[in-house]
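>>> Show me how the following folds:
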Amino acid sequence: GGVHADRVIVCARTAAPTAEDRRFGISLFAVDTKSEGYSVGRKLDKLGLRTSDTAELAFVDVKIPVDDLLGEENKGFYYLGHNLASERWGIAFGAYAQAKAAVRFAKQYVQERTVFGKPVAAFQNTKFELAACQAEVDAAEAVADRATEALDAGELSAAEAASAKLFCTEVAHRVIDRCLQLHGGYGFMNEYPIARLYADNRVNRIYGGTSEIMKSIIAKDMGL
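Purely as a prediction, here's the structure:
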């Protein structure tokens, strides 16, 4: 929303960190984009999620009213951290849904596409590939549902959210890639949803914390 937003949430340093707390001194502000000194730079050319406008923003001596402060001063990092588990749950559940959609797209395609006089779905390799993908989707569904139950109960821990995100996003990566392969050359064309899904899915293992960060969180929870 960087290009079109009327307000943007800005995370800014308002005080120096303390020796006891390096996260102290970060505050959140809801900044009016019509403020003097605020400007929007270039819209970034992303691999996927292209309908979401991500842009470079510039702040030159921007002055904002005290009322634009969100919550308490110097507690911004804690507000952001408080929502990390639910954010990672959302990414996990979205990745599961993407994987499920990929199987649906591939199943429909291989039933309609003919090669050597018969549907692609008739080949054993196709059946085995889709069966394996379905099994992974079923596992991701179970993981996503367990995390949802924990979230609803207010018991979703950082480690469980990290585990769900890691598992579901890695499953989606594998499943979507295999389903694109079943489309053959058409899978490389953006007119087919599997191609767009392939591009959009890639960021799942990066934003909200990379897969490597998720592993670190899980390992720490294990006492490692």
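
>>> centre of the chain versus the helix or strand containing K215, how much separation?
K215 is part of helix 211-221, with elements assigned from DSSP states H and E. Its chain's C-alpha centre and that of helix 211-221 lie 17 Å apart, by CA atoms, centre = their mean, to the nearest Å.

>>> same deal with stretch 185-198?
Centroid separation for stretch 185-198 versus its chain: 20 Å, with CA atoms, centre = their mean.

>>> List the buried residues of it.
187, 192, 194-198 (16 or more other CB atoms under 10 Å). For the C-beta atoms, the positions are set from N, CA and C on the backbone; glycine is no exception.

>>> In helices, which of those appear?
194-198 (DSSP state H).

>>> Serialize those residues to CSV and add fields for distance to K107 and pLDDT.
Shown next, in CSV, are those (distance: CB to CB, whole Å; pLDDT from 0 to 100):
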residue, distance to K107, pLDDT
I194, 11, 98
A195, 17, 98
R196, 18, 97
L197, 14, 97
Y198, 17, 98
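
>>> State the mean pLDDT of the helix or strand where F167 lies.
Taking DSSP H and E as the criterion, F167 maps to helix 158-182. In this model, helix 158-182 has a mean pLDDT of 98.

>>> helices or strands up against that helix?
Packing partners of helix 158-182 (3 or more CB pairs under 8 Å, 6 or more residues apart in numbering; DSSP states H and E): helix 84-112, helix 124-152, helix 193-201, helix 211-221.

>>> can you redo the ones you listed as CSV with distance to S27?
Formatted as CSV, these follow (distance: least, CB to CB, whole Å):
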stretch, distance to S27
helix 84-112, 18
helix 124-152, 27
helix 193-201, 33
helix 211-221, 24
